[in-house]
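1. sequence first, then the predicted structure, then my questions.
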Amino acid sequence: MKKIILIITVVFSLLVVLKAENISTATYLLVNSYPEFSAKGDSVGVCFLGITSASLNPASIAGITNAEFAAMFNQYFEDINSQKISIAKNFNFAVLGFELNYIDLGTITEINSDIYGNPVLSNNTIKSSVLYTSLIFSKKIKDFGFGITSKFIFEDIAENSNFLFCIDAGIIYRNIFIENLNFGISLLNISTQTNSFYTPIDLKSAINYSIYNNFLTISGAVNYLIKDEYLSLYAGLDFSLFDVLILRGGINNNYDNINFTAGFGFVIEGVHFDYSLEVLPFSENIHKFSLNADFGKINTEGKAEINIEKGNTFKDYMESGNFYYESKQYRNAIKYFEYINLLYWRDIENMSDKEKSAFFQKLGICYYNIKDTKRALQYFERANYFDKDNEILKHWIRLLK
């Protein structure tokens, strides 16, 4: 906890230096988030782990245990779009990441003047674009993660080339006061420029809380553009159905209007497809599509697969089962959960009703994801027996019957 207090103090101390009356440029840096977070409000991604939130908080990749990859296509307006590729890899000493962004800002017709000085359209068109790369360093210490990003930006705006350099920094603290309550804060686009134009220095802070084995995740965020003195608020929800279909929605007051966002995602064997729709008050709606993958997990925390012949404890089996469950390796998770059912049934009996329901619900989700709906139904019914008021379980039991 001392670490998070110290870093927050440092971040806010920077604001004294950064605060000034200047003009922001490179505002495209504010709208290039992945659809997973655009669907519920960009800034809420500050407190989530994974490669898709790396551009919102470099600390987000600290939790990657092997490698993750993501690619995205955004359609902003008729001739304005962007593409992004992101990758991160755990190297034991730290997690390193790389992002490549290309933004096509479209074309405009060149305007000349006639002999009388009146403006006339020429037959020439001018194309504008931006290419920038991000190098990310992140590290995790138990539930605490921190990261820093260096951005190298190459602009080609109306045949004028420009180079910008800026830095992102952020932290994430998981299970900050209670389990499943996560907090994140980041300071983005810290510019080295000394003239009157600055990149849009952006302070973000967010919190999320997951319930019912991540069936529902509630998120909230605050975003403050320091140079522009502009504050915006975000709130979003994720509804996860058996870790396969995820429905998302959000509301924010960006652009001085109440705006709604929505989207969905599919997850199949660690491969994610996401889509988001942003309804803007002043222009066409924004559509985003992305594909990302988790390349599996390596044993960075001593949770290697247990040899079942060596007589390990109930706690060992449960940790391994939960490890594979969280990794979405459902067949391996079933193996350990079923050993618990067989060998440690007395320990299960000693659990509280809430713990029993959560355990059997996990088994049901595992079987559902390997297409064994019969056993999934059996375990959902057993979970519901210990939590009779759980309407979510009742709903899925009805669907599977």
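-> Now that the structure is in, tell me what you want to look at. This one's a predicted model, so the numbers in the text were calculated from it and none came from an experiment. Numbering: from 1, shown residues only.
2. avg pLDDT for the helix or strand encompassing Phe260?
-> Taking DSSP states H and E as the criterion, Phe260 maps to strand 259-268. Averaging pLDDT along strand 259-268 yields 89.
3. name the helices or strands packed onto the helix or strand following it?
-> Remark: after strand 259-268, the chain's next helix or strand is strand 271-278, criterion DSSP H and E. Applying 3 or more Cβ pairs under 8 Å, 6 or more residues apart in numbering; DSSP states H and E, we find strand 271-278 packed against helix 35-38, strand 259-268, strand 286-294. C-beta coordinates here come from the backbone N, C-alpha and C atoms, glycine included.
4. for Ser186, which of the ones you listed is the nearest?
-> Minimum separation from Ser186 across those (Cβ to Cβ) falls at helix 35-38, 12.7 Å.
5. neighbouring contacts of that closest one?
-> For helix 35-38, contacts defined as Cβ atoms under 8 Å, 6 or more residues apart in numbering pick out 43-45, 48, 52-53, 56, 72, 248, 261, 263, 265, 272, 274-276, 278, 286, 288-290.
6. ok, and for the next helix or strand after it, which residues are buried?
-> Using DSSP H and E, the helix or strand that directly follows helix 35-38 along the chain is strand 67-77. Using 16 or more other Cβ atoms under 10 Å as the test for burial, strand 67-77 gives 67-72, 74, 76.
7. now these in CSV, with distance to Met351 and pLDDT?
-> Shown next, in CSV, are the buried residues of strand 67-77 (distance: Cβ to Cβ, whole Å; pLDDT from 0 to 100):
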residue, distance to Met351, pLDDT
Ala67, 36, 89
Glu68, 34, 91
Phe69, 38, 93
Ala70, 38, 94
Ala71, 43, 95
Met72, 42, 93
Asn74, 47, 86
Tyr76, 51, 76
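8. of these, which pair is most distant in space?
-> Ala67 and Tyr76 (29.6 Å).
9. name the element Arg382 belongs to?
-> helix 373-385.
10. by contact count, what packs against that helix?
-> Against helix 373-385 (3+ Cβ pairs under 8 Å, 6+ apart) you get helix 353-369, helix 391-400.
11. would you agree Ser320 is in contact with Tyr336?
-> Yes: using Cβ atoms under 8 Å, Ser320 makes contact with Tyr336 at a distance of 4.7 Å.
12. give me the neighbour count for Arg382.
-> Residue neighbour count, defined by other Cβ atoms under 10 Å, stands at 17 for Arg382.
13. and Ile148, what is it in contact with?
-> Contact partners of Ile148, counting by Cβ under 8 Å, 6+ apart, are 58, 136-138, 167-170.
14. report the contact partners of the residue nearest to Ala59 when sequence neighbours are not counted.
-> Counting by Cβ to Cβ, 6 or more residues apart in numbering, Ala59 lies nearest to Gly147, which is 3.9 Å off, once chain neighbours are set aside. Residues near Gly147 by Cβ under 8 Å, 6+ apart: 57-62, 136-139, 168-171.
15. dump those into TSV; add neighbour count as well.
-> Below are those laid out as TSV (neighbours: other Cβ atoms under 10 Å):
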residue	neighbour count
Asn57	33
Pro58	30
Ala59	33
Ser60	30
Ile61	32
Ala62	26
Ile136	27
Phe137	16
Ser138	28
Lys139	15
Asp168	25
Ala169	20
Gly170	29
Ile171	27
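16. identify the farthest-apart pair in those residues.
-> Taking Cβ to Cβ, the two most distant members of the contacts of Gly147 are Lys139 and Asp168; they sit 14.9 Å apart.
17. and of the helices and strands packed on strand 271-278, who's closest to Asn160?
-> Comparing those by Cβ to Cβ, strand 286-294 comes nearest, at 26.4 Å.
18. residues in contact with that closest one: which ones?
-> Applying Cβ under 8 Å, 6+ apart, the set of residues contacting strand 286-294 is 31, 34-36, 38, 50-52, 66-76, 86, 263, 270-278, 280, 327-328.
19. that strand pairs with which strands, and in what direction?
-> The pairing partners recorded for strand 286-294 under DSSP bridges are strand 67-77 (antiparallel), strand 271-278 (antiparallel).
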